[in-house]
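# could you work out the structure for the sequence below:
(one chain, ligands or ions: 1)
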Amino acid sequence: MNKNQRSLKVIIIDASSGFYHMDHYPIGIFFGPVDLGIHLAHKHNSLNIGVGLLAGSIFPGSNRLIVNGISPCWHGFFISSMGGAGLIFENLGINMLSIVGKSSRPSLLYLNRIHGEEIEIELIPVRPREIWSSGRKGVYAVMEYALDKFANRYENDPRVLSVGPASYYTDFGAIASVTVHKGELTHVDTWAGRGGFGTKMLMEHGIIGIIYGGTYIDEDFCDRTVADSWFQDKYKQKLASKDFEATTKYRFDPKFDTGGTFGVNYTTLEERIIAFNYRTIFMPKEERLAIHKNLIVDHYLKQFNEETIKAKQQKTCGEPCAAVCKKMRGEFKKDYEPYQAMGPLCGVFDQRAAELLVHHADTLGFDAISVGGIISWLMECLAEGDLKPEEIGIDGIPVFTAENFRVVEDSLHNGQIGMQILNQIITDNGKINLNEGARKFARHLAREKGKNVLDKFVYVGFARHGWIVPNQYWSPGVLSPMAIMGKYYMNYSKDFIEPRELGREDAKRMIMELMMDNMGICRFHRAWAEDIMPEIIEQLFGIKEEFLASLKLTASRINSRNASTFWESERNIDFIHSFLLKKQNEDGVDDPSLRDWLKRFSDDKYKAALDFWYDIHKGIHESLREF
Ligand code: SF4
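As a prediction, the model looks like this:
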């Protein structure tokens with residue numbers, strides 16, 4: 001973005017009429033898509049899509065596309081983001097697109113800016129079901145359709161945001177986008193996966209996809225010599241070498257002989273592995289280590305390392321980036337969380353079976369983590385006899401134990417059951433109705449079948465119906481009562497942190513992550529970006545103090561609407577309790593606070609969990625205040 005720019009340019013489109021207008025918001029009061037997004041979301045319930053102030057600059061990772069608004073599944077303000085999609089958005093010469101109103105017929109939104117001309121905007125009525133069942137199907141078919149119709153109107157490759165059937169049938173559909181090369185869709189998909197913004201786009205605004213691009217050229221910050229001098233002063237390294245060092249994990253880490261979140265996390269998890277709908281938390285350490293060794297290291301991870309890492313199958317999200325974090329095998333992209341939530345969590349430990357399941361969920365446009373949590377929960381209910389297969393419209397019982405697990409056959413069997421569950425969710429009058437979300441569905445099931453059904457579902461609750469499946473780490477932080485959960489606005493350390501302090505740490509992480517999101521920076525570059533960003537703002541705009549004050553204000557604003565609810569499922573409580581037991585018994589942590597909590601949990605785990613939850617909450621609230 002041009003450093004002489006003094007306001008953020010927002011195009012506000014009313015999807016009900018197709019009318020639009022441009023608004024300007026002063027930089028210094030607003031700094032990016034998040035603080036401006038909160039303002040607009042609470043005013044108009046808009047869906048906001050924008051880039052940070054450094055988009056188009058030489059800073060690696062600065063072209064993330066930020067999506068925010070009131071989430072249909074979380075029921076509070078939420079932020080999601082997508083790698084690289086901001087680079088092409090920047091060619092529109094605006095900072096943000098804000099959609100209000102709902103189109104009377106499902107439509108595709110077309111945005112194009114040719115040189116200095118005004119942005120061309122059209123809303124084209126479409127038939128979603130026809131599109132979703134054509135070509136590459138689902139979200140990919142929407143992208144194909146948009147390119148087919150409009151690619152010839154662009155001088156440079158455009159990009160398409162799209163939604164799939166999951167956005168129609170559930171409250172947690174995602175927004176997808178695949179990089180485009182010379183007019184052709186590649187297989188590198190990127191996701192604004194969390195928070196149900198696909199559902200919001202389709203059900204609240206009537207939009208199935210957005211094709212955008214242009215040739216607008218801004219005077220973005222591109223002075224490498226100047227940027228290098230800032231980095232030299234601070235790190236005694238140039239920007240490129242600091243970034244190269246900071247992104248080792250995501251590219252290739254020689255320490256572990258692998259790379260990417262999938263490779264490094266699975267190499268290092270060991271006994272902290274989570275599998276079979278979290279049932280691993282009840283297993284002795286040896287059993288967890290055996291799962292990690294036999295099913296992960298010797299098979300699931302081995303396949304990944306051979307097929308992806310050794311074969312150097314890696315790409316970027318669309319922006320020039322030395323991290324090349326997109327680890328591929330043909331048409332499949334391997335990230336830790338989707339391949340964990342629809343992998344080991346669902347009893348799938350084989351790449352072929354996981355590819356089938358993840359790709360099916362992706363095609364339908366699901367939030368991979370949340371849907372993985374739902375599948376694994378229902379699978380355990382089937383395996384335990386809490387539910388009969390016909391009651392949820394499927395046939396077959398999953399193999400849900402590590403004992404005598406046949407890694408290829410049983411993974412495939414479980415993967416196929418997972419696919420049946422997905423199909424049932426996206427069928428009219430299907431037996432798994434997630435129209436109003438998984439928490440409400442679980443509540444209904446519990447009324448019919450008993451609370452033991454709900455007790456196996458691990459989710460974080462917000463307000464009366466809001467829910468999200470947590471990030472895939474065995475750490476109390478992932479169940480924190482933060483105002484935004486399901487992303488890294490919390491501390492997910494594997495260490496024991498006393499809960500009040502954990503709340504404070506959550507708050508610190510939230511502020512840092514918020515800064516990355518508001519600046520549109522990819523968090524994989526956070527090792528330098530969090531540290532130096534205030535100085536970059538000072539150098540370019542001369543308003544570092546205002547930037548930091550605004551960040552604090554934004555965090556307190558988000559937290560002022562924190563309607564987190566105490567853990568409803570017993571598995572959440574056991575997740576915390578087992579973590580504390582592990583710290584004492586396996587990791588040898590000798591801490592009076594840990595001993596005290598363990599005593600309280602063994603006396604009455606529900607009462608102790610409530611106190612633990614409230615202590616995290618206190619730490620959060622005492623930290624996220626404006627003054
Ligand atoms: S680390 Fe990955 S997602 Fe982030 S900018 Fe680089 S290629 Fe894109």
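# for the stretch 201-350 of the chain, what lies in contact range of the ligand?
Within the stretch 201-350 of the chain, the residues that sit near the ligand (CB under 6 Å from any ligand atom) are 250, 316, 317, 319, 321, 323, 325. Backbone N, C-alpha and C define where each C-beta goes, glycine included.
# now for the residues you listed: which two are most distant?
By the measure CB to CB, 250 and 319 form the most distant pair in these, at 13.5 Å.
# looking at the two, which one has more neighbours?
The residue with the greater number of neighbours, taking residue 250 and residue 319 and applying other CB atoms under 10 Å, is residue 250; the counts read 23 against 20.
# that one against residue 262, yeah?
No - when contacts are counted by CB atoms under 8 Å, residue 250 is not listed as touching residue 262 (10.5 Å).
# can you count the residues close to residue 406?
As a burial measure, the neighbour count of residue 406 was computed by other CB under 10 Å and equals 12.
# tell me the most packed of the residues of the stretch 201-350 of the chain next to the ligand, by neighbour count.
The member of those surrounded by the most neighbours (other CB under 10 Å) is residue 317, with 27 neighbours in all.
# can you give me the strands for the stretch 1-150 of the chain?
Assignment of strands within the stretch 1-150 of the chain using DSSP state E, counting those that start in this stretch yields the ranges 7-14, 20-26, 47-50, 65-70, 77-82, 96-100, 107-113, 119-125.
# residue of the stretch 151-300 of the chain nearest the ligand, please.
Closest approach of the stretch 151-300 of the chain to the ligand (CB to the nearest ligand atom) occurs at residue 250, with a separation of 5.3 Å.
# hey, which of the strands of the stretch 1-150 of the chain is tucked in deepest?
Among the strands of the stretch 1-150 of the chain, ranked by average contacts under mean count of other CB atoms under 10 Å, first place goes to strand 65-70 (a mean of 28).
# secondary structure element holding residue 403?
Residue 403 belongs to no helix or strand when elements are defined using DSSP states H and E.
# could you export the longest helix seen in the chain as CSV, CA atoms only?
In terms of residue count, the longest helix belonging to the chain (DSSP state H) is helix 499-519. What follows is helix 499-519 as a C-alpha-only set of coordinates in CSV (Å, rounded to 0.1, in the frame of the first residue of the first chain):
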residue,chain,number,x,y,z
PRO,A,499,-4.7,-21.2,34.8
ARG,A,500,-4.8,-17.5,35.9
GLU,A,501,-1.4,-17.1,34.2
LEU,A,502,-2.6,-19.0,31.2
GLY,A,503,-5.4,-16.5,30.8
ARG,A,504,-2.8,-13.7,30.8
GLU,A,505,-0.7,-15.6,28.3
ASP,A,506,-3.7,-16.1,26.1
ALA,A,507,-4.3,-12.4,26.2
LYS,A,508,-0.7,-11.6,25.2
ARG,A,509,-1.0,-14.1,22.2
MET,A,510,-4.2,-12.6,21.2
ILE,A,511,-2.7,-9.1,20.9
MET,A,512,0.2,-10.3,18.8
GLU,A,513,-2.0,-12.4,16.5
LEU,A,514,-4.4,-9.5,16.2
MET,A,515,-1.5,-7.4,15.1
MET,A,516,-0.6,-9.9,12.4
ASP,A,517,-4.2,-10.2,11.2
ASN,A,518,-4.8,-6.4,11.2
MET,A,519,-1.6,-6.0,9.1
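# neighbours around the residue of the stretch 401-550 of the chain found nearest the ligand, how many?
Using CB to the nearest ligand atom, residue 522 is the residue of the stretch 401-550 of the chain that sits closest to the ligand, at 3.2 Å. By other CB under 10 Å, the residues close to residue 522 number 25.
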